[in-house]
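Peer 1: got a structure for you, letters missing:
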Ligand SMILES: NC(=O)c1ccc[n+]([C@@H]2O[C@H](COP(=O)([O-])OP(=O)(O)OC[C@H]3O[C@@H](n4cnc5c(N)ncnc54)[C@H](OP(=O)(O)O)[C@@H]3O)[C@@H](O)[C@H]2O)c1
């Protein structure tokens, strides 16, 4: 099995890399942090290629894809998982850069990840493109406007892509996780219901991918809550969310 994962240097991506390495997969691992990626690939001892790059850079991903295709051949699974989350408020001028970064990484990063592989996967007539979206993309979460908008865009983008690829043998899976314990959520100052450990999440996600589900929310408790979220009329949503705590607006050096 050949698996290409972005955002593999931390959290969910690292857990997915470990999961697939244990199954003997050949891996392409993408992230910006060379040290963490190298440590992970040494720890996995698997047949790994690491690509230190920013998913905002389409050319860098095209070069990584060309290298992966030459080394291993067309991937069976591509997981566009790299993502960032920060609190944002539209009234602050300095948050405009954060909006831009969140949209570029969480949405365009996904497009840049899939694009250079599609021709080879069409030729192979198989493979799964997997996008990690979020329950936060199902409704607008106050204080996380950029993140919610980026994940809503990802969900719609993945749906378009899924239909475009019908008949090619390539399937597209959208995964909307609830809360998973990673550096992304470690900063959240509020309670996180149904919080999952990353290795549990990776196991559940791998099952969803294996089943070629079109869209799945995990864990099941969040799927239930997410279904409810989508059904609520706007005035009920406003009433429920108006007192919700906000994701912190943190440092800007991550941009
Ligand atoms: N944790 C949750 O509760 C949760 C819930 C729903 C959805 N998600 C989604 O799951 C995905 C993974 O999140 P996580 O919780 O595992 O967070 P994390 O531990 O912060 O990991 C994020 C990963 O994305 C990579 N990344 C970020 N910006 C990048 C960029 N510009 N170019 C390349 N790589 C980049 C990071 O790599 P470097 O550090 O090396 O840059 C890191 O490997 C994200 O898309 C997130 O939105 C998470």
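Peer 2: It's in. None of the values given here were measured: they were computed from a predicted structure. Residues are numbered from 1 along each chain as shown.
Peer 1: ok, residue 36 - contacts?
Peer 2: Residues near residue 36 by C-beta atoms under 8 Å, 6 or more residues apart in numbering: 9, 10, 14. Glycine gets a C-beta too; all of them are placed from N, C-alpha and C.
Peer 1: In three-state terms, label it for me.
Peer 2: Secondary structure state of residue 36, per DSSP: H, G, I helix; E, B strand; the rest coil, is helix.
Peer 1: and if you look at residue 112?
Peer 2: Assignment for residue 112 (three-state DSSP): helix.
Peer 1: Show the pLDDT at it.
Peer 2: Looking at residue 112, its pLDDT stands at 98.
Peer 1: I'd like the distance between it and residue 106.
Peer 2: Going from residue 112 to residue 106 by C-beta to C-beta, to the nearest Å gives 12 Å.
Peer 1: Now do the helices in this structure.
Peer 2: 11-22, 34-44, 58-72, 95-103, 109-124, 145-164, 183-186, 198-210, 220-231, 234-241 (DSSP state H).
Peer 1: okay if I get the ones you listed as CSV plus distance to the ligand?
Peer 2: Listed next are the helices of the chain as CSV, based on distance: least, C-beta to the nearest ligand atom, whole Å:
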stretch, distance to the ligand
helix 11-22, 2
helix 34-44, 6
helix 58-72, 9
helix 95-103, 8
helix 109-124, 6
helix 145-164, 7
helix 183-186, 3
helix 198-210, 7
helix 220-231, 9
helix 234-241, 17
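Peer 1: Any buried residues in stretch 69-85, and which?
Peer 2: 69, 72, 74-85 (16 or more other C-beta atoms under 10 Å).
Peer 1: Just the ones in strands from those residues, please.
Peer 2: Applying DSSP state E to the buried residues of stretch 69-85, the entries found in strands are 77, 78, 79, 80.
Peer 1: what residues are up against the nearest residue to the second one once chain neighbours are set aside?
Peer 2: Put plainly, it is residue 78. Excluding its sequence neighbours, the residue lying closest to residue 78 (C-beta to C-beta, 6 or more residues apart in numbering) is residue 4, at 4.6 Å. Residue 4 makes contact with 27, 28, 30, 65, 68, 75, 77, 78, 79, 113, 117, according to C-beta under 8 Å, 6+ apart.
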